[in-house]
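Peer 1: need a structure here:
(one chain, ligands or ions: 1)
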Amino acid sequence: MGLIEEILVRPKLRQKLWAWWYPFFTRRVRAQGIDFLNYAFHEDDAPPLVLAAADELNRPNIQLYEHARGDVDLRGRRVLEVSCGHGGGASYLARTYQPAGYVGLDLNPEAIRHCQARHQASGLRFQVGDAQRLPFADASFDVVINVEASHCYPDFPGFVDEVARVLAPGGRFCHADLRYPNGLAEWMAALTKHPRLRLDALRLINPEVIRGMELNTPRYEAMVQQALPRCVHGLALDFAGVKGSRLYRDAVSGEMSYRSFRLTKLA
Ligand SMILES: C[S@@+](CC[C@H](N)C(=O)[O-])C[C@H]1O[C@@H](n2cnc3c(N)ncnc32)[C@H](O)[C@@H]1O
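Peer 2: Numbers count the residues shown, from 1 in each chain. Below is the predicted model of the structure:
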């Protein structure tokens, strides 16, 4: 078992490691203006998404957010993004779809400071919080978005219960993430058998995420080399999912599975 897989299957180790790693990483890349922390998504034959010039640099990462959003309309809706990271997805979606409000929540206080300093849009705000204990009233959101983060949580079914609690009836849950085989059964059961959520769409997106990883490889290699000490380059390139890394190879072989889901909160 590789180090990444080992971490992914041990909930307490996982929680501690991510709670240390992400603030460290945010401090190290602060000067580089990194707004996305995902492996990205690209479909070669899809019609190109129309983006503002300033968003072009992040196209593959934005495409993952657009894929996760799918057919869910954000206009005029109350949106919560759990684990917004450096806020690039929150900023793009809030600017593009004008929701009534968009809250980006993350456990990493350094990331939330980065978001507050960098991303301004009408109705957009950021706060520190834990996905396992969402600091919001029942039925207070119409949409919950969660991209490439739930593999960090110690209790995924508990997180899905929290999503079901904060969603209003008819509300939508847009979720995309990765799992190794030992986490697959729990992940699928929590999303397909939840008493208060109906599964509307599920797609295996390894090929599109692999293309995203390939497109981001030059940028992520440069980021790792500039921001991190040489002794952690190997591990960081693995986490960054650059072409040829362990994570990339696991995505290609299918050992790691990347999936997207959309669900509806039942009345
Ligand atoms: C791979 S990053 C993805 C960030 C963002 N969604 C994106 O695509 O750029 C995972 C994020 O999950 C956050 N995270 C990890 N555990 C969390 C928890 N228990 N509650 C909230 N956020 C958490 C991390 O701080 C990190 O920002």
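Peer 1: would you map the strands across the stretch 1-150 of the chain?
Peer 2: 78-82, 101-106, 124-128, 141-147 (DSSP state E, counting those that start in this stretch).
Peer 1: tell me what angle the third one forms with strand 101-106.
Peer 2: Just to be clear, that refers to strand 124-128. 30 degrees (axes from the mean of the first three to the mean of the last three CA atoms, to 10 degrees).
Peer 1: other residues contacting strand 124-128?
Peer 2: Residues from elsewhere that reach strand 124-128 (CB atoms under 8 Å, 6 or more residues apart in numbering): 84, 87, 90-91, 94, 101-109, 112, 115-116, 119, 135. Where C-beta positions appear, they are placed from N, C-alpha and C, glycine not excepted.
Peer 1: what pLDDT is listed against Ile145?
Peer 2: The model reports Ile145 with a pLDDT of 98.
Peer 1: give me the neighbour count for the residue lying closest to it once chain neighbours are set aside.
Peer 2: Distances taken as CB to CB, 6 or more residues apart in numbering put Glu81 closest to Ile145, at 4.4 Å, once the chain neighbours are dropped. If you count neighbours by other CB atoms under 10 Å, Glu81 ends up with 27.
Peer 1: show me the contacts for Glu81.
Peer 2: Per CB under 8 Å, 6+ apart, neighbours of Glu81: Gly89, Ala90, Leu93, Tyr102, Val103, Gly104, Leu105, Val144, Ile145, Asn146, Val147.
Peer 1: tell me which parts of this protein are close to the ligand?
Peer 2: Within the chain, the positions near the ligand by CB under 6 Å from any ligand atom are 18, 22, 36-38, 83-85, 88-89, 106-108, 111, 130-132, 147-149, 152-153.
Peer 1: repeat that with 8 Å
Peer 2: Proximity of the chain to the ligand, by CB under 8 Å from any ligand atom, involves residues 15, 18-19, 22-23, 35-38, 61, 64-65, 81-86, 88-89, 105-108, 111, 129-132, 146-149, 152-154, 159.
Peer 1: among these, name the buried ones.
Peer 2: Buried by 16 or more other CB atoms under 10 Å: 15, 18, 22-23, 35-38, 61, 64-65, 81-86, 88-89, 105-108, 111, 129-132, 146-149, 152-154, 159, out of the residues of the chain next to the ligand.
Peer 1: quick check on the residue nearest to Arg165 when sequence neighbours are not counted: phi, psi?
Peer 2: Once flanking residues are discounted, Arg165 sits nearest to Asp138: 5.5 Å by CB to CB, 6+ apart. Dihedral pair for Asp138: phi -60, psi 150, per degrees, to the nearest 10.
Peer 1: quick one: contacts of the host helix or strand of Gly183?
Peer 2: Assigned by DSSP states H and E, Gly183 belongs to helix 181-192. Under the criterion CB under 8 Å, 6+ apart, residues 5, 8-9, 150-151, 156-157, 160, 175, 177, 179, 197, 199, 202, 255, 257, 261, 263 lie in contact with helix 181-192.
Peer 1: wait, what's in contact with the nearest residue to Trp18 once chain neighbours are set aside?
Peer 2: Leaving aside its sequence neighbours, Trp18 sits nearest to Cys152 (CB to CB, 6+ apart; 4.3 Å). Shown in contact with Cys152 (CB under 8 Å, 6+ apart): Arg14, Gln15, Trp18, Ser83.
Peer 1: can you lay out those as CSV showing pLDDT?
Peer 2: Below are the contacts of Cys152 laid out as CSV (pLDDT from 0 to 100):
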residue, pLDDT
Arg14, 75
Gln15, 80
Trp18, 84
Ser83, 98
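Peer 1: so which of the residues you listed belong to helices?
Peer 2: Among the contacts of Cys152, the ones falling in helices (DSSP state H) are Arg14, Gln15, Trp18.
Peer 1: pretty sure the first one contacts Pro154?
Peer 2: Yes - Arg14 lies in contact with Pro154 (CB atoms under 8 Å); the separation is 6.2 Å.
Peer 1: buried only: go through the contacts of strand 124-128 for me.
Peer 2: Listed as buried from the contacts of strand 124-128 are 84, 87, 90-91, 94, 101-108, 112, 115, 119; burial here means 16+ other CB under 10 Å.
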